[in-house]
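In: Task: produce atomic coordinates for the following.
(one chain, ligands or ions: 1)
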Amino acid sequence: MAVKRIGILTSGGDCAGLNAVIRAVYAHARGHFGWEVVGIHNGTAGLLTTPPEATTLDDRVLGSDMLRQGGTILGTTNKGDPFAFPMDDGKKVDRSAEVIAGYRALGLDALIGIGGDGSIAILQRLARQGGINLVTVPKTIDNDIGATEVSIGFETAVQTATDALDHLQPTAASHSRVMVLEVMGRDAGHIALSAGIAGGADIILIPEIAYRFSAIEAHLAALRDRGRNFALVIVAEAVKTEDGQAITAVHGGGGQAVQTYGGIGHYVGAEIARRSGAETRVTVLGHVQRGGTPEPKDRLLGSAFGVHAVDLIAAGRFDRMVAWSERAVIDVPIDAAIARYQAVDPQGALVRTARGLGISFGD
Ligand code: F6P
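Out: Predicted coordinates for the structure are as follows:
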């Protein structure tokens, strides 16, 4: 197959490092192979309009500002599943044929899709249905895609959460308070675990390890007995109440109400205050973890993944996801990539590290 023109889109929640991928794809596809690169706007939603919302990328994408820029210049969406597309009347409609027609209208030879496991699964289904030559790149601050050791956006999110603990510690110590920091991560506790260790948390609560307030209280009491006048607690958003209830928030607007995790930090803070009498304050970090300037690791990963994705297309190797493994970029079949969800391993190296440091998981 003679490739002349490829498409690229970002899908799902944004994160830091997406623009580094776009830049690398353009640099390699245009500079090395001479292909045209078409940026599709707002994920697959950009293929639903007539004509499709897309721009042929040019050398402006090569600027180093792309490496520094958070978000995605192409735009994205995390609620536009074309197989169950939410219509204004509340019904869900299969619009996959329209998306495929939009792709065809752009005259593309292959597509690079940058997304999390949900987006990658949708793109694979579209590719199979529409005969699209697809290569995917993993991104998510949640770092829960099993086939890659790290996905784009995770390192920057961990840096942001670590910075937050750096900022909370002095004020916690000044006021003799227990500071609770709630971080994102969807169903996995990777951000809380990594930032908790790096930022010197005393207690890390993650969905993979069940906690009891009695154990949290005991740990706080032991800290006090050793002369500590403050404590730092980091909580992953998917942690449930002690009796197993998920705490979620509903967000309106945007044509569709969306439910996400959110609020467990306030529950934990209130319970600690009620049970131990400690003065607590709660910080919910939210989307600050998604935006911001990409850390060097996300710029490197984005650049390496982008170049490798283009090489896969040049080699005619499709239905694959690029991944990071043992200090190298590799690629795996998409089926294998999305088959394994990567939660925190309660017996893994980082949990053992935290326990070795005397950090409590509340268990
Ligand atoms: O998957 C990324 C993520 O940031 C999760 O950590 C979080 O639960 C969710 O997306 C938030 O989604 P939204 O951007 O729709 O609020």
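In: helix/strand/coil for the nearest residue to residue 88 once chain neighbours are set aside?
Out: Leaving aside its sequence neighbours, residue 88 sits nearest to residue 255 (Cβ to Cβ, 6 or more residues apart in numbering; 6.8 Å). No exception for glycine: its C-beta is placed from N, CA and C like everyone else's. What DSSP: H, G, I helix; E, B strand; the rest coil gives for residue 255 is coil.
In: hang on, isn't residue 255 packed against residue 90?
Out: No. Taking contacts as Cβ atoms under 8 Å, residue 255 lies outside contact range of residue 90: 10.1 Å.
In: residue farthest from the centroid of this structure?
Out: residue 225 (38.9 Å; Cα atoms, centre = their mean).
In: and the gap between that residue and residue 210?
Out: For residue 225, the distance to residue 210 equals 25 Å [Cβ to Cβ, to the nearest Å].
In: got it, and residue 277?
Out: Residue 277 is 25 Å from residue 210, by Cβ to Cβ.
In: Residue 224 now?
Out: Applying Cβ to Cβ to residue 224 and residue 210 gives a distance of 24 Å.
In: Let's see the pLDDT reported for the residue nearest to residue 88.
Out: The pLDDT attached to residue 255 in the predicted structure is 70.
In: what about it, how many neighbours?
Out: Neighbour count of residue 255, defined by other Cβ atoms under 10 Å: 10.
In: Could you do the one 3 residues further on as well?
Out: One way to gauge burial is a neighbour count; for residue 258, by other Cβ under 10 Å, it gives 13.
In: what does the stretch 51-200 of the chain put close to the ligand?
Out: Proximity of the stretch 51-200 of the chain to the ligand, by Cβ under 6 Å from any ligand atom, involves residues 78, 140, 141, 142, 184, 185, 186.
In: name the element the nearest residue to the third one once chain neighbours are set aside belongs to?
Out: In space, and not counting its chain neighbours, residue 141 is closest to residue 157: 3.8 Å by Cβ to Cβ, 6+ apart. In this assignment (DSSP states H and E), residue 157 forms part of helix 154-175.
In: Output that helix in CSV with nothing but the alpha carbons.
Out: What follows is helix 154-175, C-alpha atoms only, in CSV (Å, rounded to 0.1, in the frame of the first residue of the first chain):
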residue,chain,number,x,y,z
PHE,A,154,0.5,10.0,33.9
GLU,A,155,3.9,11.5,34.8
THR,A,156,2.6,15.0,34.7
ALA,A,157,-0.4,14.1,36.8
VAL,A,158,1.9,12.6,39.4
GLN,A,159,4.1,15.7,39.3
THR,A,160,1.0,17.9,39.9
ALA,A,161,-0.3,15.8,42.8
THR,A,162,3.3,15.7,44.3
ASP,A,163,3.5,19.5,44.0
ALA,A,164,0.1,19.7,45.8
LEU,A,165,1.5,17.7,48.7
ASP,A,166,4.6,19.9,48.7
HIS,A,167,2.3,22.9,49.1
LEU,A,168,0.1,21.3,51.7
GLN,A,169,2.9,20.0,54.0
PRO,A,170,4.1,23.5,55.3
THR,A,171,0.6,24.7,55.9
ALA,A,172,-0.4,21.5,57.6
ALA,A,173,2.6,21.8,59.9
SER,A,174,2.0,25.5,60.6
HIS,A,175,-1.6,24.8,61.7
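In: circling back: and the residues of the stretch 51-200 of the chain next to the ligand, which two are furthest apart?
Out: 78 and 185 (15.1 Å; Cβ to Cβ).
In: of those two, who's got more company?
Out: residue 185 (30 against 16).
In: Can you verify my assumption that that one contacts residue 141?
Out: Yes. Because the distance of 7.3 Å satisfies Cβ under 8 Å, residue 185 is recorded as touching residue 141.
In: what's the neighbour count on the closest residue to residue 284 other than its chain neighbours?
Out: Among residues not flanking residue 284 along the chain, residue 182 sits closest, at 4.6 Å (Cβ to Cβ, 6+ apart). Residue 182 sits with 29 neighbouring residues when counted by other Cβ under 10 Å.
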